[in-house]
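S.K.: Turn this into a model:
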Amino acid sequence: MGNEIRGRIVSINGPVIRAAGLEEGSMHDLVYVGPDGIIGEIIRSDRDTACVQVYENNVGLKPGHEVVVSGRPLSVLLGPGLISTIYDGIQRPLRLIAEQSGNYIRKGTKVAALDPGKKWEFRPLVSRGDSVHQGQVIGEVQETALILHRIMVPPGTGGIIDEIVPEGAYSVEDDICRIMNEKGPESLKMSVSWPVRTRRPFSQKTRAEEPLITGQRIIDTLFPIARGGTAAIPGGFGTGKTMTQHALAKWSNADLIVFIGCGERGNEMTDVLTEFPQLTDPRTGRPLMERTIMIANTSNMPVPAREVSIYTGVTIAEYFRDMGYSVAVMADSTSRWAEALRELSSRLEEMPAEEGFPTYLATRLAEFYERAGHVTTLSGKEGSITIIGSISPPGGDFSEPVTQHTMRFVRTFWALDKTLADARHYPSISWIDSYTEYIDDISEWWTDLDSAWPEIRIETINLLLDAERLQHIVRLVGPDVLPEDEKFVLFCADLIKNGFLQQNSFDPVDMYSSPEKQIELLKVFINFYRDGMDLLSRGVSLNMLISLDSVSDMIRLKSDIPNDELQRFEDFRRNYRSDVNTLK
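M.R.: Model (predicted):
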């Protein structure tokens, strides 16, 4: 350990420590502070001192305590055993920590990110004498029933296979392969360490042309997101941000979910940690945790660990993306992450920008969301990372800095509405304030499914916007002044809101809606709107139109017709057509 750099604490300001004697340390180097060896990271280096932010409780530290620089950056360990694990912000498994220190994390607790004693069945895919390059898959491990873990040549490495182990059981610390290159022999394990603040390389970023199907009608049909896209879910307290992300984690067609609880209240994360292990993947019938990795960093944990947890999660996501998987990252919430940046910036005595946030807030947000995307990996496979971050603007004010800066870097914006949430309309996504920029990218996918999708989507949005405009008039002078066709617009908008946009997460039929069902259901409402406007122009009264038996049945279709019985829409259409013909 002679290469270690050792220094001494000079001053302490909360989680920020200034130490002397670390001039030879590098930015973002991992350090161990004090007699307990608590984990920290160099975040600034001056001429004679270095600033270190620590990721654990630093009570008891004092000037003069030793600081040891490890000589390597803060990293995560990547390999078999990641899936189904619940980590803290610096990739320590919480279950192992609980076994060691009980309900509270003791300072300096050291636990292995991946179980070194567990054996995994490794199957080699290359042979001695083969030439391999960075990113190439050299073997496989069936990590869970849902995820085949592909062992890859680390980035920056390649050569000729000199030796590879036969098929069998090995741990993440065993050498499984030796390659020869210009540097000489190099041994590879099933695990590899990667710096969290460095993006993993890929061959090229490509256009995302397939939607991330979530089963939530207002998202998939009106404001869809592409696989490899970015989205923000801003909303005030109680509007359902966490609940929406839970639904996306459970129902989205991503291969793998990385859920990052960043600075949220402990009771919310407790709900997540207790509920998720009990959930069943609706697509496979297997436990949802078999394709989920969770990072829990609650509001009572050290602030710097909240800041780094985002990078820990997205680095793990990049690792599985490089295997060719579609990964969805749920960050809840980026506001708490930004607040951590603000606190650390103030302790570093940096010049503040608006509302006290650091001037580099926009840069950090851009760096985070830039790590999403649909890519061709180094091995030639296609993989993607979809990043969905929730935002908790104080008082639901979308003009605050985190929301405004995030809007610059995401292409989907699902704005949660407090009025809808108070009315128990979930998802409480506003059809007025939300938007998506992925329509051109994914329209071909939807059009192949049903050529009517672009037209009925636009017609639905226009109808809802017209209804919103008419509601302003109604609030001023009452509904009686409106002509019958405008009253019918309001009526149809209410039908769509209650019969299409609103979903019941506790209804076994309505909790998830397939793309095919979404289109069939929306066609019902749009056809009624078109027929109704035609009948009104012929002199049919509004009361006769809205009193049809089929109209009351429309609201129940979302709960009455399961995803695998779409032929029942034909039965409804026959009854509906018979009702309409009585008015002609």
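S.K.: only C-alpha atoms for contact and neighbour calcs from this point on.
M.R.: OK.
S.K.: Ranking helices and strands of this structure by mean pLDDT, which lands last?
M.R.: Using mean pLDDT, DSSP states H and E, the weakest-scoring helix or strand in the chain turns out to be helix 266-275, at a mean of 72.
S.K.: Export only the CA atoms of whatever helix or strand comes next after that helix, formatted as PDB.
M.R.: Toward the C-terminus, helix 266-275 is succeeded by strand 292-297 as the next helix or strand (DSSP states H and E). Extracted C-alpha coordinates of strand 292-297, given in PDB (Å, rounded to 0.1, in the frame of the first residue of the first chain):
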ATOM      1  CA  THR A 292     -35.100  -4.800 -10.900                       C
ATOM      2  CA  ILE A 293     -32.200  -3.100  -9.200                       C
ATOM      3  CA  MET A 294     -33.000  -0.600  -6.400                       C
ATOM      4  CA  ILE A 295     -30.900   2.200  -4.900                       C
ATOM      5  CA  ALA A 296     -32.400   3.600  -1.700                       C
ATOM      6  CA  ASN A 297     -31.000   6.900  -0.400                       C
END
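S.K.: Can you spell out which helices and strands pack onto strand 292-297?
M.R.: For strand 292-297, the packing partners by 3 or more Cα pairs under 8 Å, 6 or more residues apart in numbering; DSSP states H and E come out as strand 86-87, strand 256-262, helix 303-321.
S.K.: go again using 7 Å as the cut-off
M.R.: Under the contact criterion of 3 or more Cα pairs under 7 Å, 6 or more residues apart in numbering; DSSP states H and E, strand 292-297 touches strand 86-87, strand 256-262.
S.K.: Return the per-residue confidence for Gly2.
M.R.: Listed pLDDT for Gly2 reads 44.
S.K.: Next, count neighbours for Val524.
M.R.: The number of residues packed near Val524 is 18, by other Cα atoms under 10 Å.
S.K.: Same check on Leu490?
M.R.: Using other Cα under 10 Å, Leu490 has 21 other residues around it.
S.K.: So it versus Leu482, what's the distance?
M.R.: Distance, Leu490 to Leu482, by Cα to Cα, to the nearest Å: 10 Å.
S.K.: In a strand, Val10, correct?
M.R.: Yes. Counting by DSSP: H, G, I helix; E, B strand; the rest coil, Val10 is located in a strand.
S.K.: Enumerate every residue touching Ser335.
M.R.: 391-392, 402 (Cα atoms under 7 Å, 6 or more residues apart in numbering).
S.K.: what's it sitting at in phi/psi?
M.R.: For Ser335, the backbone dihedrals are phi -60, psi -40 (criterion: degrees, to the nearest 10).
S.K.: before we move on, back to that, possible to save the helices and strands packed on strand 292-297 as CSV with mean pLDDT, distance to Glu121 and mean neighbour count?
M.R.: CSV is the format used below for the helices and strands packed on strand 292-297 (pLDDT from 0 to 100; distance: least, Cα to Cα, whole Å; neighbours: other Cα atoms under 10 Å):
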stretch, mean pLDDT, distance to Glu121, mean neighbour count
strand 86-87, 92, 23, 23
strand 256-262, 92, 21, 28
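S.K.: Rebuild those as TSV, extending it with distance to Ala247.
M.R.: TSV is the format used below for the helices and strands packed on strand 292-297 (distance: least, Cα to Cα, whole Å):
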stretch	distance to Ala247
strand 86-87	19
strand 256-262	12
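S.K.: just the CA coordinates of stretch 223-239, formatted as CSV?
M.R.: Extracted in CSV, the C-alpha atoms of stretch 223-239 (Å, rounded to 0.1, in the frame of the first residue of the first chain):
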residue,chain,number,x,y,z
PHE,A,223,-47.7,11.8,-24.7
PRO,A,224,-45.6,8.7,-25.6
ILE,A,225,-41.9,8.3,-24.9
ALA,A,226,-39.4,6.3,-27.0
ARG,A,227,-37.2,3.6,-25.8
GLY,A,228,-34.0,5.5,-25.1
GLY,A,229,-35.8,8.7,-24.4
THR,A,230,-36.0,11.1,-21.5
ALA,A,231,-39.0,12.3,-19.5
ALA,A,232,-39.7,14.5,-16.5
ILE,A,233,-42.7,14.1,-14.1
PRO,A,234,-43.0,17.4,-12.2
GLY,A,235,-45.7,17.8,-9.6
GLY,A,236,-46.5,19.2,-6.2
PHE,A,237,-46.9,17.2,-3.0
GLY,A,238,-49.5,14.5,-3.2
THR,A,239,-49.9,14.6,-7.0
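S.K.: Any buried residues in it, and which?
M.R.: Buried residues in stretch 223-239, counted by 16 or more other Cα atoms under 10 Å: 223-236, 239.
S.K.: Just the mean pLDDT for stretch 374-388, thanks.
M.R.: Mean per-residue pLDDT for stretch 374-388: 96.
S.K.: Please list the outside residues in contact with it.
M.R.: For stretch 374-388, contacts defined as Cα under 7 Å, 6+ apart pick out 134-136, 202-208, 227-232, 317, 321-322, 324-331, 369, 372-373.
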